[in-house]
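1. Here's my sequence, what's the structure:
(2 chains)
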Amino acid sequence: MEDIKNKIIEILNEIIPDVSNETLESNKELVHSGVLNSFSIVMLISELSDAFDIEISPQEIVYENFDSLDGLTKMVARLSD
Amino acid sequence: MTFEFAGFVSLYFAFFLVGSIFIYWVIPKKFRWYTLIVFSLVFYCLISWKSVFFLAYSVLLNYFVARFISNNNAKVDAYLNDHPDLDKEAKKAYKAKQKKIRKTILVLGIIGNVAVLFVMKYLNFMIGNVNSLIALFNPEYSIPLNRWILPLGISFFTFQAISYIVDVYWNKYPAEKNFLKFATFMTYFPKIMQGPIIRYGEMSSELFGEKTFDYVRFTNGAKRMAYGYLKKMVVADTLAVFVTYAFTSSNIPGFENMSGLETFIAVGFYFIQDYCDFSGYMDIAIGVSEMLEIKLPENFARPYFAVAIDEYWRRWHITLGTWFKDYVYYPLSISKFSMKLGKKGKKIFGSWGMKIPAITGLILVWFLTGLWHGASWTYVVWGLYYGAIIIFSICMEPVFNAFYHKTGINRQNKALVIFRHIRTIFLLMIGRIIFMSATMSDAWNIFLKMFRFDQYSLSNLNNQLGYISIITALVGFIPVIVIDIIQERNPSVPFLDKFNKMHITLRWSLCILMVLFIVWFGYYGSGLPHFEFGYVQF
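-> Numbers count the residues shown, from 1 in each chain, chains lettered A, B, ... in the order given. As a prediction, this is how the structure comes out:
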């Protein structure tokens, strides 16, 4: 799980370079607070699909999966199985 | 107000509403929701009985499509439970085969929905375009246009139905087995004409849960409804007289005879009129629903307080924006094709290439948003205009961030916020002019005329409206501004919670004053015509 998390942070650093790792790790409302918007979510999905060789379908785009780093990590881990 | 049953703004609606609410609350709890389908069908038939066929088609089509998809999901689960000995590959193959069947049914369902919308709303537009092409070769010949009616609320209930079958396909919830419940969801009368576009997952418990009468909630609903009528009947309908004269008079739009100052005022009035018309409808729909203890989603969040165009669109017609995001933008932007496009783009353009799938999705969404508002190229241009601004601002964000970082300017700086606000209003103004104009050439002429500062006659304004009506409308708009400012300062606390804490005398005085104001200036005294809600045509 830790490897997945670190890779996601790396991807997020590329997509939203102005947001610090601290913010990424502590913020439980990445979408609600506007850190991630519909534009960056699409970029993130593209990069996650590529990096982990997974298919993220539209029904996965819910707050539970995208509002926090933990949610993202769990989703990627589940889809990688 | 007329005695014709024309939806919310008619005296018959008042009788209909009182009767419906009375029956709803005197009937035993568990039967209450059954009355909703009856009220909804009566309401719909009274306004447009000719449209009932289309609504019935939509209800039947989507009920069976969703049931098929849901049954197939259950069948897959049952099959896999009954065959635990299947290996992983066999399970995967079976699931893929069934998914393909579900997808085919979903696609057919979507086509079944969109086809009717297309034929009823866009066929004449297509014929018109084909005729223009034919005229280049043979001016004598043209394909006749059809004279079919636009079924009432078709854009709204079609989108709602598509969201339902897609959600069932995505397994967000199982299809509703009870046909009457599904029909109630589709036809629920406060939202049938122009939204909000509701989702079954959010609304089923609201519509079908057991209700216990709550006096505060009931009176809050009545207050919200009255506030909607103030916006619609006193403000929107009064200003609509001049706005209609300026932009949509038959043959020669009024703006050609108007001064620069009058054109400027007409555009300003249109900002107020459109907001009060559409959000007024929502206040009535939400208020009526609250009186039935049904919570409808909000469709507005004080849009004119936005400091950027994308923020404005998160505050205006919220349920349409989220619909496009969930059912068009995401599915298209993260489709396999778009992902491949993004990868290729990244190889060629680096990090900029990563943006290609999202940009493609946004262009399509804004093209469709334009088309959704009407079958005309000006609407398409209008949609793409907003799409272009939003794409530009997103792509330039890193540049702006670097600028703020280097210069040390705080984004929350008051002067900057005011500048961004004025800039947003200016961009919205251009969008509104395009939206209201019959042709792009009209839009350009209106824009130019607005800035003719040497023309300041107000004779057309006085002839069309008269100063008393203008003052009445603007006085009616004062509470709208005040309530929006209060709500904007603290969005988490509903305005009515604050209002209800006022002294009882003041509270009742304000309520009575508002009702008298609506009855006198919106009904008896104005002498001006009333207009259909603007979004009904969509």
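2. Nearest the geometric middle of the chain, what residue?
-> Just going to use chain A. Residue closest to the average C-alpha location in chain A (Cα atoms, centre = their mean): A:Leu72, at 4.5 Å.
3. wait, chain B
-> B:His317 (4.3 Å).
4. who touches that one in this structure?
-> By Cβ atoms under 8 Å, 6 or more residues apart in numbering or on different chains, the residues touching B:His317 are B:195, B:278, B:299-300. In this view, the C-beta of every residue, glycine as well, is placed from N, C-alpha and C.
5. Not including adjacent chain positions, what is the nearest residue to B:Ser259?
-> Nearest residue to B:Ser259, sequence neighbours excluded (Cβ to Cβ, 6 or more residues apart in numbering or on different chains): B:Gln455, at 3.7 Å.
6. Can you tell me the SS state at that neighbour?
-> Following DSSP: H, G, I helix; E, B strand; the rest coil, we place B:Gln455 in the coil state.
7. Which residues of chain B lie near chain A?
-> For chain B, the residues in contact with chain A (Cβ under 8 Å from any Cβ of the partner chain) are B:170-172, B:325-326, B:329-331, B:333-334, B:339, B:342-343, B:351, B:354-355, B:357-358, B:361-362, B:394, B:398, B:401.
8. pLDDT score for B:Asn251?
-> On the pLDDT scale, B:Asn251 is placed at 53.
9. I should have written A:Phe52 there, sorry.
-> pLDDT recorded at A:Phe52 is 91.
10. what does stretch B:354-362 contact?
-> A:15, A:38-39, A:42-43, A:46-47, B:328-330, B:332-334, B:338-339, B:341-342, B:345-346, B:349, B:387, B:390-391, B:394-395.
11. Only the C-alpha atoms, please, for stretch B:70-77, written as PDB.
-> The C-alpha coordinates for stretch B:70-77 follow below in PDB (Å, rounded to 0.1, in the frame of the first residue of the first chain):
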ATOM      1  CA  SER B  70     -30.800  -4.800 -12.900                       C
ATOM      2  CA  ASN B  71     -32.100  -8.300 -13.600                       C
ATOM      3  CA  ASN B  72     -29.100  -9.200 -15.600                       C
ATOM      4  CA  ASN B  73     -26.800  -8.000 -12.700                       C
ATOM      5  CA  ALA B  74     -28.800 -10.300 -10.300                       C
ATOM      6  CA  LYS B  75     -28.600 -13.100 -12.800                       C
ATOM      7  CA  VAL B  76     -24.800 -12.800 -12.900                       C
ATOM      8  CA  ASP B  77     -24.500 -12.900  -9.100                       C
END
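12. in that stretch, what's buried?
-> Neighbour counts over stretch B:70-77 (16 or more other Cβ atoms under 10 Å in any protein chain shown) mark B:70, B:72-73, B:76 as buried.
13. just stretch B:241-248 next, same as before
-> So, applying 16+ other Cβ under 10 Å, buried residues of stretch B:241-248: B:241-247.
14. Just the ones of these in helices?
-> Counting by DSSP state H, these place B:241-247 in helices.
15. now the strands: where do they sit in chain A?
-> Shown for chain A, no strands are assigned by DSSP state E.
16. what stretches of it score poorly on pLDDT?
-> For chain A, not a single residue meets the criterion pLDDT under 70.
17. Kindly report the residues of it close to chain B.
-> So far as Cβ under 8 Å from any Cβ goes, chain A lies against chain B at A:14-15, A:17-18, A:38-39, A:41-43, A:45-47, A:49-50, A:56-59, A:61.
18. Moving C-terminal from the helix-or-strand element of chain B with minimal mean pLDDT, which element do we reach first?
-> None of the helices or strands of chain B scores lower by mean pLDDT, DSSP states H and E than helix B:459-464, at a mean of 82. Next helix or strand after helix B:459-464 toward the C-terminus (DSSP states H and E): helix B:467-489.
19. In that following helix, which residues are buried?
-> For helix B:467-489, a neighbour-count test (16+ other Cβ under 10 Å) marks B:469-470, B:472-473, B:476-477, B:479-480, B:483-484, B:487 as buried.
20. Most remote residue from the middle of chain A, which is it?
-> A:Asp81 (17.2 Å).
21. A:Ile4 versus that one, what's the distance?
-> 12 Å (Cβ to Cβ, to the nearest Å).
22. Going by proximity to chain A, name the top residue of the stretch 1-150 of chain B.
-> Using Cβ to the nearest Cβ, the single residue of the stretch 1-150 of chain B nearest to chain A is B:Lys99, 10.8 Å away.
23. count of neighbours near that residue?
-> 14 (other Cβ atoms under 10 Å in any protein chain shown).
24. so which helix or strand takes in it?
-> Here B:Lys99 is assigned to helix B:88-117, by DSSP H and E.
25. Also B:Ile390?
-> Using DSSP H and E, B:Ile390 sits within helix B:377-407.
26. now whichever residue of the stretch 101-250 of chain B sits closest to chain A: how far from B:Phe247?
-> Minimum separation of the stretch 101-250 of chain B from chain A (Cβ to the nearest Cβ) falls at B:Trp170, amounting to 3.7 Å. To B:Phe247, B:Trp170 is 42 Å away according to Cβ to Cβ.
27. do the same with B:Ile430
-> For B:Ile430, the distance to B:Phe247 - Cβ to Cβ - is 14 Å.
28. just B:Leu371 next, same as before
-> Computed as Cβ to Cβ, the B:Leu371 to B:Phe247 distance reads 20 Å.
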